[in-house]
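A.B. asks: I need the structure of the sequence given here:
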Amino acid sequence: MSTKPDRVVLIGVAGDSGCGKSTFLRRLADLFGEEMMTVICLDDYHSLDRKGRKAAGVTALDPRANNFDLMYEQVKALKEGKSVDKPIYNHETGELDPPERVDPNNIIVIEGLHPIYDERVRNLLDFSVYLDISDEVKIAWKIQRDMAERGHTYEDVLASIESRRPDFEKYIDPQKQHADVVIQILPTNLIKDDKERKILRVQLIQRNDIEGFEPVYLFDEGSTIHWTPCGRKLTCSYPGLKLFYGPDNYYGHDVSVLEVDGRFDNLEEMIYVEGHLSKTSTKYYGELAHLLLQHKEYPGANDGTGLFQLLVGLKMREAYERLTASDSKVPVEV
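C.D. replies: Alright, predicted model coming up:
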C-alpha cells in the first residue's frame with residue numbers, strides 16, 4: 001500500500017444497473033491510474049441478502065435493504081484517512097461475505113444505486129455524476145445484453161424492467177437532481193421512429209452553481225448554439241451528426257447543456273470538434289481526441305457517451321488537482 005494520502009477526494013457515480021458505470025470507471029482508472037483510485041461498490045452495504053430481500057418483499061433498490069448508517073460511517077472514516085472493515089456482498093451467492101480491510105486512497109469512488117441518496121453521504125462527496133438512461137434506450141440495451149448473453153426472452157427482460165420501475169422512480173432517479181453533472185442518454189432525433197437505438201442523442205447537463213467547476217461550452221459561453229459540423233471538415237455518414245449547446249433549468253438549478261446527436265465516423269477527426277469546445281480541462285490541445293482514440297473498443301467511444309464520460313473524467317481530475325493543491329498551500333498556524 002502506498003503512503004497515506006494527505007487528502008482523500010471522494011467521487012460519487014450513480015445510476016441504475018446496466019447504464020455504463022463500469023465503462024465510466026475504466027475511463028477514470030485510465031485518467032488517474034489504478035493505484036491512485038479505490039472503487040467501492042455500494043451493493044456491499046446491502047443489509048439484506050437475496051433471501052432476506054425476497055422474504056421481506058423488497059428489492060435492492062429499496063433503502064430498507066441497505067445500511068446507510070454504516071455506509072456513512074465508513075465513507076466518512078475513509079475521507080478522514082482511516083481504514084475500515086467494509087462488508088462484501090457476493091453477487092454470485094446473493095449472500096454477505098466476511099468483511100475486507102479498505103485503506104484510504106487518493107481517490108475513493110463510491111458507485112452504485114445510492115451514492116447521492118443519503119444526505120450525509122452526499123455532503124461528503126467532492127464531485128458527483130449521475131448516469132441517466134432513457135427507458136427506450138435502457139430496454140434496447142438490456143434486451144441486447146440479457147437475450148444475447150443470458151438467454152432471457154424479450155418478455156422476461158421487459159418484466160424485469162417493469163418490476164424494478166416503481167422503486168427506480170422512487171429511490172434512484174431522484175438522485176440526479178443533486179448531482180453536479182448528469183450524462184443523459186436519449187433516443188436520436190436524427191432518425192424518425194428509430195427502433196434500433198444504435199444511434200444515440202447524449203446530453204451533458206452541467207450545474208452552473210458548483211464552486212470551482214466550469215461547465216464545458218461550445219463556441220460562445222451562455223449562447224444557444226445548433227451546429228452541424230458535417231461536410232468538408234468531418235466525415236459523416238447517414239444519419240449525420242448534430243451538436244447543441246445552451247442554458248437550461250434542471251430541477252430548479254441553472255445548468256449548461258451540451259448535446260451530441262449521432263456518431264463520429266472517424267475518431268481521428270474528433271480533434272476538429274474538440275477545437276470548438278472550451279473549458280474542457282484538458283492539459284494540452286488534442287488530449288480529448290487522444291484519450292478517445294486510445295480506447296476505441298470502449299462502448300460509446302464513437303458517440304456522445306464516450307466523449308462526455310471523458311469530459312466528466314477530466315473535470316474530476318481537475319477537481320482532484322485543485323483540492324489537493326489547495327490543501328498543500330494551507331499556511332500552518334504558529
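A.B. asks: check which helices and strands the helix or strand harbouring L243 sits against.
C.D. replies: According to DSSP states H and E, L243 maps onto strand 241-250. Packing contacts for strand 241-250, counted by 3 or more C-beta pairs under 8 Å, 6 or more residues apart in numbering; DSSP states H and E, involve strand 200-207, strand 217-218, strand 225-227, strand 253-262. To be clear about C-beta, it is placed using only N, CA and C from the backbone, and glycine gets the same treatment.
A.B. asks: can you say which of those strands is nearest to Q74?
C.D. replies: Closest to Q74 of the helices and strands packed on strand 241-250, according to C-beta to C-beta: strand 200-207, at 27.3 Å.
A.B. asks: so how far is the closest one off the chain centroid?
C.D. replies: 11 Å (C-alpha atoms, centre = their mean, to the nearest Å).
A.B. asks: from the contact counts, what lies against it?
C.D. replies: With contacts defined as 3+ C-beta pairs under 8 Å, 6+ apart, strand 200-207 has these neighbours: strand 181-187, strand 241-250, strand 253-262, helix 304-328.
A.B. asks: so what strands line up beside the third one?
C.D. replies: I take that to be strand 253-262. Note on strand 253-262: by DSSP bridges, its sheet partners are strand 200-207 (antiparallel), strand 241-250 (antiparallel).
A.B. asks: and that strand, what's buried?
C.D. replies: Across strand 253-262, burial judged by 16 or more other C-beta atoms under 10 Å covers H253, V255, S256, V257, L258, E259, V260, D261, G262.
A.B. asks: which element follows the least confident helix or strand in the chain by mean pLDDT toward the C-terminus?
C.D. replies: Within the chain, confidence by mean pLDDT, DSSP states H and E is lowest for helix 135-149 among all helices and strands, at a mean of 75. Per DSSP H and E, helix 135-149 leads on to helix 154-167 as the next helix or strand towards the C-terminus.
A.B. asks: what packs against that following helix?
C.D. replies: For helix 154-167, the packing partners by 3+ C-beta pairs under 8 Å, 6+ apart come out as helix 135-149.
A.B. asks: so where's the stretch 101-250 of the chain uncertain?
C.D. replies: The model of the stretch 101-250 of the chain has pLDDT under 70 over residues 145-150, 196, 231-233, 236.
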